[in-house]
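>>> Pasted the sequence and its predicted model underneath.
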Amino acid sequence: MSTFAALAAAEEATHTELPIPAWLIGLIALLVFVLLLGVTWSFRGTHNRYAPPSGHGETPGAPAAGDGAHWPEHPGQH
C-alpha cells in the first residue's frame, strides 16, 4: 500500500498548468468543428453532378432505350 501512496504523492507533486486557459481550448475545438462542418457543407450536391445518367421522362424501373452498359467500368451492369 505504501507504493500506491508514494505514486499518488508523486503525481500530485508533478502537476503542470495548461499553456492556455481551459475555455480557450474549448473555443478552439468549437472553431475546428465549425471549419470541418464548412468543408462537409461545401461538398453538398456532388452526388447529382457525378451520378450516372438516367433517362429523363421515363417511368422508374422500366428499361431504358438501348439498354446497354452505362459506364465503361461496369460493363453489362445497369
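Right, received. Where do you want to start? Residues are numbered from 1 along each chain as shown.
>>> Where is the longest helix in this protein?
As assigned by DSSP state H, the longest helix anywhere in the chain is helix 22-42.
>>> For the following helix or strand past it, name the packing helices and strands.
Downstream of helix 22-42, the first helix or strand assigned by DSSP states H and E is helix 46-50. If contacts are counted by 3 or more CB pairs under 8 Å, 6 or more residues apart in numbering; DSSP states H and E, helix 46-50 sits against no helix or strand. Where C-beta positions appear, they are placed from N, C-alpha and C, glycine not excepted.
>>> For helix 46-50, what does the pLDDT average out to?
For helix 46-50, mean pLDDT is 80.
>>> what about the protein, any weak spots by pLDDT?
For the chain, residues meeting the criterion pLDDT under 70 lie at 1, 10-13, 54-78.
>>> now do 80
Within the chain, the stretches with pLDDT under 80 are 1-2, 5-16, 48-78.
>>> Output stretch 30-50 in CSV, but only the C-alpha positions, please.
Presented in CSV, the C-alpha positions along stretch 30-50 are these (Å, rounded to 0.1, in the frame of the first residue of the first chain):
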residue,chain,number,x,y,z
LEU,A,30,-15.5,24.5,-31.5
LEU,A,31,-13.9,26.5,-34.3
VAL,A,32,-12.2,23.4,-35.7
PHE,A,33,-15.6,21.6,-35.8
VAL,A,34,-17.2,24.6,-37.5
LEU,A,35,-14.4,24.6,-40.0
LEU,A,36,-15.0,20.8,-40.7
LEU,A,37,-18.7,21.5,-41.0
GLY,A,38,-18.0,24.1,-43.6
VAL,A,39,-15.8,21.6,-45.6
THR,A,40,-18.5,19.0,-45.4
TRP,A,41,-21.2,21.5,-46.5
SER,A,42,-19.1,22.5,-49.5
PHE,A,43,-19.5,19.0,-50.9
ARG,A,44,-23.3,19.1,-50.9
GLY,A,45,-24.9,18.2,-54.2
THR,A,46,-21.8,16.4,-55.6
HIS,A,47,-23.8,13.2,-56.0
ASN,A,48,-26.0,14.9,-58.5
ARG,A,49,-23.0,16.1,-60.5
TYR,A,50,-21.4,12.7,-60.7
